[in-house]
Every structure is written in structure tokens, then in C-alpha cells.
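Trainee: Any chance you can model this:
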Amino acid sequence: MILDVRSAGEFGAGHVPVALNVGLGGQFASWAGSLIPMTSSIVIVADSEAQVDEAQVRLARVGLENVKGYLAGGMNAWQEAGLELALVPQISVNELRELIETRPNLQVIDVRRPAEYQSGHAPRAVSAQLATLREKLSQLNLRPTEPVAVICAGGFRSSAATSLMQQAGFTNLLNVTGGTKAWIDAGYEVEMPA
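Mentor: Take a look at the predicted model:
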């Protein structure tokens, strides 16, 4: 398991293909513990050795102690070696609104918990909580080559979700920065489930 602990923006700008993004900000240990199988060997991608050390301590707190190596210094060494980068474009809620209005093939996935989704969501968003996303992807009737905008509350969980979706073969992903909070703060229409 390649675990990229950098921020969503840094991850989106370029990362090791098939890496899982769980940023050190937010609830890192709990999300890492729920998304990484306990038997996985882990290689950490971070901006610094201090972040690698922090990640190892926090992973150990949830029983993930099989760290085999790390790549510190972000993606510089990876790029210098001429290795392929994967990308996840970051879009604002303004850009999401425009895409919803102009792209009928845009798929929108809301990875918040069901109770959060029930309290209101962006138009056309389908609920698929992050905790069970890997298992539920095949049931969502998504088209892996069509654009998929992924949104959560603030941008942390949606970045983790885009990394899981890339692992599953999705090739046209967009991470919504600021999430549903930014959508609501912008005064945009919120749909309520029927």
C-alpha cells in the first residue's frame, strides 16, 4: 500500500499511481485505520521525514505497524527519476456549479456519511460514504471514463475517495475543494433527499 500523507492539493497535483491519499490533517489515524487493511505493507509518501515519523506514530496507534519504507520530499525524487505521475484536478464549488449546469454527463459523488448527505447536498450528487466506497463502487452504476466530481464536507475525504476510485480504474476524477460547506457558503442550491 502506497500511502500519500500530503494535502489534497499536493496529492492532486501529482502522485504515485495507485497511491491512497489520507492527509495528515484531519482524522488521519481513524481514516487510515478504516481504509488500509491491517496486513498491508505500507510505503509512505510525505513532504518531509518529520511527516513520515508523525505518520508512523499515528498509524501505530491504530495497529498499522507494517511500514516498509518512505519517500520524503514530496514527489521531487519520483519526477527526477522520470516516473509516471497520476493527477486529480482540484476544482472549486464555482467550477462544480458550472459543470453541473453545462455537462449532463458529469457524475457527482458525495462521500460524506448518510446523515450528512440527508442534511442537504449538491444537485445530482449520489451518496456513497467513504467508509464503504471501495465495496460499493460496482453498485453505483458509474462510468469510469466519464467525469466524476467527488465532494465531501471540506475536501479531505473526497481526496481519499478519488485515490480509491483511481485504484479502481476511474480516469476522469475531480476533487471539489472546500466541499459541501463551501457550496452552502456560496449560497448555491442544496438538494434534500426525497
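Trainee: Next, count neighbours for G154.
Mentor: For G154, the count of nearby residues is 18 (other C-beta atoms under 10 Å). C-betas here are computed from N, CA, C, even on glycine.
Trainee: now do A32
Mentor: Neighbours of A32 under the rule other C-beta under 10 Å: 23.
Trainee: Could you do E116 as well?
Mentor: Neighbour count of E116, defined by other C-beta under 10 Å: 17.
Trainee: And for T177?
Mentor: T177: 20 surrounding residues under other C-beta under 10 Å.
Trainee: likewise R61?
Mentor: Applying other C-beta under 10 Å, we find 14 residues neighbouring R61.
Trainee: Equivalent analysis for the one 10 residues further on, please.
Mentor: L71 sits with 18 neighbouring residues when counted by other C-beta under 10 Å.
Trainee: Just to check, it is in contact with V43?
Mentor: Yes - counting by C-beta atoms under 8 Å, L71 touches V43, with 7.0 Å between them.
Trainee: quick one: average confidence on stretch 187-194?
Mentor: Averaged over stretch 187-194, pLDDT sits at 89.
Trainee: From the rest of the structure, what touches stretch 171-180?
Mentor: Identification of contacts with stretch 171-180 by C-beta atoms under 8 Å, 6 or more residues apart in numbering yields 8-9, 12, 88-93, 96, 99, 110, 112, 116, 120-122, 144-155, 158-159, 162, 165-166, 182-183, 185.
Trainee: can I get the CA coordinates of stretch 19-34 in CSV?
Mentor: Taking C-alpha atoms only, stretch 19-34 is exported to CSV below (Å, rounded to 0.1, in the frame of the first residue of the first chain):
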residue,chain,number,x,y,z
ALA,A,19,-1.4,5.7,-4.0
LEU,A,20,-4.0,6.2,-1.3
ASN,A,21,-4.3,9.7,-0.1
VAL,A,22,-5.0,10.2,3.6
GLY,A,23,-3.6,13.6,4.6
LEU,A,24,-2.0,14.1,7.9
GLY,A,25,-4.5,16.9,8.6
GLY,A,26,-8.0,15.9,9.8
GLN,A,27,-8.7,12.4,11.2
PHE,A,28,-5.7,10.8,9.7
ALA,A,29,-5.4,7.7,12.0
SER,A,30,-9.1,6.8,12.0
TRP,A,31,-9.3,7.1,8.2
ALA,A,32,-6.1,5.2,7.6
GLY,A,33,-7.3,2.5,10.0
SER,A,34,-10.5,2.1,8.2
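Trainee: What residues sit buried inside that stretch?
Mentor: By neighbour count on 16 or more other C-beta atoms under 10 Å, the buried set for stretch 19-34 is A19, L20, N21, V22, G23, L24, G26, F28, A29, W31, A32, G33.
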